[in-house]
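[1] Predicted model and sequence below, questions to follow.
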Amino acid sequence: MNQRKKILFICTGNTCRSPMAEGLFLKLSAGHPEWLAGSAGTAAWNGQGASPETLHVLREHGVNLSGHASRAVTQELVEESTDIYTMTESHLAVMLANFPEHADKIRLVTCYTDNRNISDPIGCGQAAYNNVARQLTDAIRAIIARMEQED
């Protein structure tokens, strides 16, 4: 039986890494329409679009996230999520400090891979965004494989 999942990806501003993870997850998990994904930031300003570089790399992966609007992580978002993945250990620490009662569902996006942190590509050019997309693709494939085992 396929369980409904609601995945939340967390970075800082919710304009680069976490929307990229959201888009890649939706693309890579297309065979599981019962799985939903969203993103938010620990220090996000509500309403900003995804960076042009993020939109570019997602388009190359067949994902259109042009309607993305950044948002700050909230208690409500955390409560309604079944799984929460952060980009870095510092995001993880912030989330665990702010939402300790949800520690059982908060982990690093790279928790099932050999990598640790997904570095912020902002200001580093398109190649850095492409590298982040590769890292996130590997991490998300591992997450999906784990979710399919649990299903």
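    Nice, thanks for sending it over.

[2] what about the strands in the protein?
    Secondary structure of the chain (DSSP state E): strands at 5-11, 35-41, 83-86, 106-108.

[3] possible to save these as JSON lines with mean neighbour count, mean pLDDT and distance to Gly62?
    To be clear about C-beta, it is placed using only N, CA and C from the backbone, and glycine gets the same treatment. Below are those laid out as JSON lines (neighbours: other Cβ atoms under 10 Å; pLDDT from 0 to 100; distance: least, Cβ to Cβ, whole Å):
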{"stretch": "strand 5-11", "mean neighbour count": "24", "mean pLDDT": "97", "distance to Gly62": "18"}
{"stretch": "strand 35-41", "mean neighbour count": "22", "mean pLDDT": "97", "distance to Gly62": "15"}
{"stretch": "strand 83-86", "mean neighbour count": "26", "mean pLDDT": "98", "distance to Gly62": "21"}
{"stretch": "strand 106-108", "mean neighbour count": "19", "mean pLDDT": "97", "distance to Gly62": "26"}
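
[4] What is the neighbour count of Asp104?
    As a burial measure, Asp104 scores 7 neighbours (other Cβ atoms under 10 Å).

[5] what pLDDT does it get?
    You'll see Asp104 listed with a pLDDT of 97.

[6] Likewise for Gly123?
    In this prediction Gly123 is given a pLDDT of 89.

[7] quick one: which of the strands of the chain is nearest Asn115?
    With Cβ to Cβ, the closest approach to Asn115 among the strands of the chain belongs to strand 106-108: 8.9 Å.

[8] which residues of the protein fall in helices?
    Remark: helices assigned in the chain by DSSP state H are 17-28, 52-60, 75-80, 89-98, 126-150.

[9] by contact count, what packs against the second one?
    For helix 52-60, the helices and strands in contact under the criterion 3 or more Cβ pairs under 8 Å, 6 or more residues apart in numbering; DSSP states H and E are helix 17-28, helix 126-150.

[10] Which of the helices of the chain sits closest to Asp114?
    helix 126-150 (9.0 Å).

[11] Buried ones in that closest one, by neighbour count?
    Residues of helix 126-150 classed as buried: 128-129, 132-133, 135-144, 147 (neighbour count, 16 or more other Cβ atoms under 10 Å).

[12] do stretch 69-87 as well
    Taking 16+ other Cβ under 10 Å as the criterion, stretch 69-87 shows 70-71, 73, 77-78, 81, 83-87 as buried.
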